[in-house]
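Colleague: only geometry, no sequence info:
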């Protein structure tokens, strides 16, 4: 059994230069493509070269002018604004703030604490004691005087209310009997045998009239709907459909083909113009190198470097050695002068005040080398005494 499938044969109908999934192109597309690409290439090449020149000039301007200028402005801004503000904050505002805080503590916080502790707290304790006394008196008055009086008044009101309730109950029974047989029974008979049948008849008539009106409105609306529907379809939809299918769609397809080809031509022309611009730039760079850079480099290597070496070996190095020797001699002279001045000050101090008292040697806790612990002894040097 053959486990590998043979490669599918290419269809003779599909050309070799076009992918299998790509739609076939008509003669209109091929006729538009070549002139459009030629015209676009002629128009795009100067634009691309000008763009590349602007990019190179912009990069040179950014690296050679804008960045150093920006760094200089940054340093100038730091020197003019940041450092003075830091110095003002560190050496003026902070000490002034600390001084104001100390002054506020001394003038406000300390007197306020003294006033609270020595005046307000005793006054508050006295007012609290007075309020507790007044509250105790009010509680005694409520418990011993107002409560018995209120109980007596409540008992009197309960008796009067019981008498009034008995009288009112009798009057209520008589009035309820009269209202029932003179008002309620005739009103119920009138509602049951007169008002309810008339209301039901009126409601049924209203429902039937509403149903009839709804049927008439539905029929009229349906007729108007179909009339407007067919009118709009015949007068608007069908002409718009014909206009779209036979005019706008072909014009749109043609414009889409033109726009696609113009876009592809712009892309190809931009890439080709980039290669042309790169070749022109390399040619100009080579010309600049052989006309400017190489002569400058030859002058630097052949003329300036040997002259600089001669100047360095014949002038700069001897001058530097002479300056170093002068500096060394000056430092030695200054050191000798300092030592002489120090000795002079010591002699003058000795003549005026005498010899200084010798310092007493302090007893050290560490044992010396001779008093260290040995193998034959049982105590250390610190425990001998």
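Modeller: Looks like it came in fine. Quick caveat, the model's predicted, so the values are computed rather than measured.

Colleague: can you give me the helices in the stretch 101-250 of the chain?
Modeller: Along the stretch 101-250 of the chain, counting by DSSP state H, counting those that start in this stretch, helices occupy 110-115, 121-141, 147-179, 185-190, 196-232, 238-243, 249-288.

Colleague: Any idea which of the ones you listed gets closest to residue 87?
Modeller: Ranking the helices of the stretch 101-250 of the chain by their distance to residue 87 (criterion: C-beta to C-beta) puts helix 110-115 first, at 33.0 Å. All C-beta spots, glycine's among them, are computed from the backbone N, C-alpha and C.

Colleague: so how far is the closest one off the chain centroid?
Modeller: Put simply, helix 110-115 sits 46 Å off its chain's centre (C-alpha atoms, centre = their mean, to the nearest Å).

Colleague: likewise stretch 122-133?
Modeller: Distance of stretch 122-133 from the chain centroid (C-alpha atoms, centre = their mean) equals 57 Å.

Colleague: got a list of contacts for that stretch?
Modeller: With contacts defined as C-beta atoms under 8 Å, 6 or more residues apart in numbering, stretch 122-133 is touched by no residue outside it.

Colleague: what packs against the helix or strand of the chain with the lowest mean pLDDT?
Modeller: Least confident helix or strand of the chain, by mean pLDDT, DSSP states H and E, is helix 147-179 with a mean of 77. If you count contacts as 3 or more C-beta pairs under 8 Å, 6 or more residues apart in numbering; DSSP states H and E, helix 147-179 packs onto no helix or strand.

Colleague: Can you check what angle separates it from helix 121-141?
Modeller: Using axes from the mean of the first three to the mean of the last three C-alpha atoms, to 10 degrees, the inter-axis angle of helix 147-179 relative to helix 121-141 is 50 degrees.

Colleague: Give the buried residues for helix 147-179.
Modeller: Neighbour counts over helix 147-179 (16 or more other C-beta atoms under 10 Å) mark no residue as buried.

Colleague: Stretch 33-41 too?
Modeller: Across stretch 33-41, burial judged by 16+ other C-beta under 10 Å covers 33, 36-37, 40-41.

Colleague: Can you list the low-confidence ranges for the stretch 51-200 of the chain?
Modeller: For the stretch 51-200 of the chain, the stretches flagged by pLDDT under 70 are 173.

Colleague: circling back: relative to residue 297, which of the helices of the stretch 101-250 of the chain is closest?
Modeller: Residue 297 sits nearest to helix 249-288 of all the helices of the stretch 101-250 of the chain, at 12.6 Å, using C-beta to C-beta.

Colleague: continuing past that closest one, what's the next helix or strand?
Modeller: Under the assignment DSSP states H and E, the closest C-terminal helix or strand after helix 249-288 is helix 294-299.

Colleague: Show me what the mean pLDDT comes to for the helix or strand just after that next one.
Modeller: Going down the chain from helix 294-299, the next helix or strand is helix 305-311, by DSSP H and E. Per-residue pLDDT over helix 305-311 has a mean of 89.

Colleague: now stretch 344-362
Modeller: Taken as a whole, stretch 344-362 has an average pLDDT of 74.

Colleague: give me the number of residues near residue 51?
Modeller: Each residue near residue 51 was counted by other C-beta atoms under 10 Å, and the total is 15.

Colleague: Could you do the one 3 residues further on as well?
Modeller: Under the neighbour criterion other C-beta under 10 Å, residue 54 is assigned a count of 10.

Colleague: so what does the helix or strand harbouring it touch, helix or strand wise?
Modeller: For residue 54, the element it lies in under DSSP H and E is helix 27-61. With contacts taken as 3+ C-beta pairs under 8 Å, 6+ apart, helix 27-61 sits against helix 249-288.

Colleague: Now do the buried residues in the helix it packs on.
Modeller: 257, 261-262, 265-266, 269-270, 272-274, 276-277.

Colleague: Format those as JSON lines; extra columns: distance to residue 162.
Modeller: As requested, the buried residues of helix 249-288 are arranged in JSON lines below (distance: C-beta to C-beta, whole Å):
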{"residue": "257", "distance to residue 162": "109"}
{"residue": "261", "distance to residue 162": "112"}
{"residue": "262", "distance to residue 162": "110"}
{"residue": "265", "distance to residue 162": "114"}
{"residue": "266", "distance to residue 162": "110"}
{"residue": "269", "distance to residue 162": "115"}
{"residue": "270", "distance to residue 162": "112"}
{"residue": "272", "distance to residue 162": "119"}
{"residue": "273", "distance to residue 162": "117"}
{"residue": "274", "distance to residue 162": "115"}
{"residue": "276", "distance to residue 162": "122"}
{"residue": "277", "distance to residue 162": "118"}
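
Colleague: Contacts only, for residue 298.
Modeller: Applying C-beta under 8 Å, 6+ apart to residue 298 gives no contacts.

Colleague: Distance check, it against residue 310.
Modeller: Distance of residue 298 to residue 310, given as C-beta to C-beta, to the nearest Å: 18 Å.

Colleague: With residue 336 instead?
Modeller: 39 Å.

Colleague: circling back to that earlier point, can you list the buried residues of stretch 33-41 in a markdown table and add distance to residue 229 and pLDDT?
Modeller: Output for the buried residues of stretch 33-41, formatted as a markdown table (distance: C-beta to C-beta, whole Å; pLDDT from 0 to 100):
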| residue | distance to residue 229 | pLDDT |
| --- | --- | --- |
| 33 | 48 | 72 |
| 36 | 47 | 75 |
| 37 | 52 | 74 |
| 40 | 51 | 75 |
| 41 | 56 | 75 |
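
Colleague: With distance to residue 96 as new columns, can those residues be given to me in a markdown table?
Modeller: Formatted as a markdown table, those follow (distance: C-beta to C-beta, whole Å):
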| residue | distance to residue 96 |
| --- | --- |
| 33 | 80 |
| 36 | 77 |
| 37 | 77 |
| 40 | 72 |
| 41 | 73 |
